[in-house]
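Participant: Dropping the sequence and predicted coords here.
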Amino acid sequence: MQTVERCVSIVFEKVWNPNSLESDFMKSPSALSASSLCLLPALEIAQLVNSKEVSAVEVMYEHAERIQRLNPALNAFAHLDLERAFEEARRIDSGCIHGSAEGVLLGVPVTIKSCIDVEGLRCAVGSRLRSDYVPASSATLVTRLKRAGAIVIGNTTTPEMLMAYHTENEIHGRTNNPWDLSRTPGGSSGGEAAAISSCMSAGGFGSDGGGSIRVPAHFTGICGLKPTPGLIPADGHYPACAGPFSLIGVVGPMARTVKDLQLLFAVTAGCESADPGAVPAPGKAQDSGRMKQLRIGYYEDDGESGSDCKTAEVVRSAASALRNAGFVVEPFRPKGLARARELWAVIFVEAGALLLGAMAQGQENDVTRNTREFIALAAARPVLTGERLLNTLIECDQLRLSIQEQMRDYPILLAPICSMPAFLHQDAGWGPEHAADYLRTMSYCQHYNLLGNPAATVPVGQSAEGLPIGVQIIGRPYKDHEVLAVANILNQQYKWREPPLCRAND
């Protein structure tokens with residue numbers, strides 16, 4: 001198998017030829033530099049390609065060159081598909097010349113987490129047990145992205161079977177954080193976050209069963225949305241978002257701006273027969289005046305995990321910014337969060353380990369330490385009987401109703417994403433012997449997977465070490481547009497920052 005870096009070199013040798021564009025397309029050189037094209041939001045890239053100010057091939061070349069420079073240090077990609085991506089870029093440019101190409105994502109290079117099917121692209125989910133799987137068709141969300149003009153340049157790394165908040169596996173190795181290579185970009189959408197944060201991709205999709213979009217976005221200084229379950233079809237995802245996992249697991253967009261999240265969400269949301277849990281797309285956002293009638297409750301500590309001083313300070317800063325923007329913002333923490341995390345662990349840890357343990361049985365030498373640790377964690381818990389699972393699902397609905405009733409007074413909540421910024425690689429793991437013990441530090445996200453609330457991540461501040469710290473904006477089920485509208489207000493004040501690794505290589 002070719003390395004990612006070798007794939008880029010081969011594509012440059014075989015595909016890139018700027019003189020192959022029709023001469024009347026680029027009447028004058030682009031005023032944009034190589035680095036500025038990569039730094040642009042997806043929305044602006046699409047506008048430039050649609051208006052013929054830049055070509056899709058030009059955009060693709062600059063992203064491929066950036067991958068060649070930065071990916072050796074970051075290791076964000078599982079597989080690249082640049083040859084096909086350049087072919088698609090040429091097709092788009094030809095269509096622009098003849099007036100037949102358009103789309104709200106026209107020419108935008110995107111990436112997909114390597115647990116979501118992309119036709120012809122190996123989708124191993126970081127596991128040797130699936131290393132030969134190549135999907136024959138693409139997930140609905142991928143098809144919708146392409147229909148809007150996006151170009152899939154590859155898929156990104158994950159921990160084995162997604163069961164970690166760091167990204168490392170036996171096939172592709174370890175993925176590093178562009179803010180500090182000694183730290184993780186998070187998981188399980190860690191490769192996706194690292195690719196987007198470093199501008200090797202303009203945006204993309206991850207998945208989230210316990211914080212796997214929000215934590216990596218927080219660790220790498222980008223934005224992410226965990227939508228209400230069912231709003232974006234999750235067909236083509238592995239493990240399947242089905243049965244009890246359809247309650248907690250979703251696919252969702254990741255990008256450097258909230259406006260790009262809104263665009264990616266709009267393109268991919270809506271019913272699809274391939275996903276029996278899919279529901280119609282939600283309504284549009286209210287005008288700003290009506291939005292500011294929403295009361296916001298915030299908390300710095302969930303009563304379980306605590307949060308470091310800087311994380312708490314960042315939440316207060318975001319609360320103050322929203323108050324200054326015209327919202328009523330008051331301290332408030334819903335009752336029942338601790339129980340929500342306990343019920344989440346029954347589904348994610350215990351039921352998840354049933355599936356994972358069955359796959360790994362007899363092949364223990366082919367799975368990672370993290371996977372073995374996760375299975376052992378579940379084995380130390382009470383036996384998951386049918387009666388206990390049934391009672392869990394019933395109590396889950398009762399608790400969801402209770403939280404929704406409490407949110408009548410505070411339709412938007414503001415909270416930490418986890419109790420710390422990005423941790424060192426060696427601190428990763430399940431259990432109290434690890435500094436980043438996942439059941440202790442990640443509860444802030446786990447609550448809302450169990451409860452089914454949409455939740456977005458926006459970067460707001462930095463730690464004493466200069467690491468990004470995001471906040472979590474939580475809304476009521478099917479009110480994703482409200483979550484994104486509030487997130488966008490914060491995002492307008494606290495802009496995305498280019499990671500130091502990228503600045504040093506520009």
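Facilitator: Here it is on my side, so go on. Numbering: from 1, shown residues only.
Participant: dump the residue contacts of Ala164.
Facilitator: 187-188, 370, 374, 428, 430, 438 (C-beta atoms under 8 Å, 6 or more residues apart in numbering). Yep, even glycine has a C-beta here, placed from its N, CA and C like the rest.
Participant: Next: Ser188.
Facilitator: 113, 115, 158-159, 162-165, 167, 206-207, 212, 216.
Participant: Doesn't it belong to a helix?
Facilitator: No - looking at Ser188 with DSSP: H, G, I helix; E, B strand; the rest coil, it is coil, so not inside a helix.
Participant: How much space separates it from Ala150?
Facilitator: 22 Å (C-beta to C-beta, to the nearest Å).
Participant: Mind giving me the PyMOL command for buried ones among the contacts of Ala164?
Facilitator: Buried residues within the contacts of Ala164, by 16 or more other C-beta atoms under 10 Å, are selected in PyMOL with:
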select buried, resi 187+188+370+374+428+430+438
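Participant: Select from the contacts of Ala164 every entry located in helices.
Facilitator: 370, 374, 438 (DSSP state H).
Participant: With pLDDT and distance to Tyr238 added, can I get those in CSV?
Facilitator: As requested, the ones in helices among the contacts of Ala164 are exported to CSV (pLDDT from 0 to 100; distance: C-beta to C-beta, whole Å):
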residue, pLDDT, distance to Tyr238
Asn370, 94, 17
Phe374, 95, 16
Tyr438, 97, 21
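Participant: And those residues, which is closest to Asn71?
Facilitator: Nearest to Asn71 among the ones in helices among the contacts of Ala164 is Asn370, at 22.8 Å by C-beta to C-beta.
Participant: Secondary structure class of the closest residue to Ala101 other than its chain neighbours, three-state.
Facilitator: The shortest distance from Ala101 to any non-neighbouring residue, by C-beta to C-beta, 6 or more residues apart in numbering, is to Gly95 (2.8 Å). Following three-state DSSP, Gly95 is assigned to helix.
Participant: For Gly95, give its distance to Leu484.
Facilitator: When distance is defined by C-beta to C-beta, Gly95 is 30 Å away from Leu484.
Participant: more neighbours, these two?
Facilitator: Neighbours per residue (other C-beta atoms under 10 Å) separate Gly95 from Leu484, with Leu484 holding more: 26 against 16.
Participant: what bits of this protein have low per-residue confidence?
Facilitator: 1-35, 283-288 (pLDDT under 70).
Participant: mind giving me the domain split of it?
Facilitator: 4-16+34-284, 288-502 (automatic domain parsing).
Participant: among these, which is the most enclosed?
Facilitator: Of all the domains of the chain, domain 4-16+34-284 carries the top mean neighbour count, a mean of 23, counting by mean count of other C-beta atoms under 10 Å.
Participant: residue contacts, the spatially closest residue to Gly326 that is not a sequence neighbour?
Facilitator: Sequence neighbours aside, Lys292 is the residue nearest to Gly326 in space, at 4.4 Å (criterion: C-beta to C-beta, 6+ apart). Residues near Lys292 by C-beta under 8 Å, 6+ apart: 325-327.
Participant: Return the distance of Lys292 relative to Phe327.
Facilitator: Distance from Lys292 to Phe327, by C-beta to C-beta: 5 Å.
Participant: ok so, going back, okay if I get the contacts of Ser188 as JSON lines plus secondary structure and distance to Pro499?
Facilitator: Supplementary listing: the contacts of Ser188 in JSON lines, determined by DSSP: H, G, I helix; E, B strand; the rest coil; distance: C-beta to C-beta, whole Å:
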{"residue": "Lys113", "secondary structure": "strand", "distance to Pro499": "20"}
{"residue": "Cys115", "secondary structure": "coil", "distance to Pro499": "24"}
{"residue": "Thr158", "secondary structure": "coil", "distance to Pro499": "20"}
{"residue": "Pro159", "secondary structure": "coil", "distance to Pro499": "21"}
{"residue": "Leu162", "secondary structure": "helix", "distance to Pro499": "24"}
{"residue": "Met163", "secondary structure": "coil", "distance to Pro499": "26"}
{"residue": "Ala164", "secondary structure": "coil", "distance to Pro499": "22"}
{"residue": "Tyr165", "secondary structure": "coil", "distance to Pro499": "19"}
{"residue": "Thr167", "secondary structure": "coil", "distance to Pro499": "16"}
{"residue": "Gly206", "secondary structure": "strand", "distance to Pro499": "18"}
{"residue": "Ser207", "secondary structure": "strand", "distance to Pro499": "23"}
{"residue": "Ser212", "secondary structure": "coil", "distance to Pro499": "20"}
{"residue": "Pro216", "secondary structure": "helix", "distance to Pro499": "13"}
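Participant: For Cys418, state which of those is nearest.
Facilitator: Tyr165 (7.9 Å).
Participant: Test my guess that the closest one contacts Tyr444.
Facilitator: No - if you go by C-beta atoms under 8 Å, Tyr165 and Tyr444 don't touch, sitting 11.9 Å apart.
Participant: Any chance of CSV for the contacts of Ser188, columns distance to Ser137?
Facilitator: Formatted as CSV, the contacts of Ser188 follow (distance: C-beta to C-beta, whole Å):
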residue, distance to Ser137
Lys113, 17
Cys115, 16
Thr158, 20
Pro159, 25
Leu162, 21
Met163, 26
Ala164, 28
Tyr165, 30
Thr167, 26
Gly206, 20
Ser207, 18
Ser212, 24
Pro216, 27
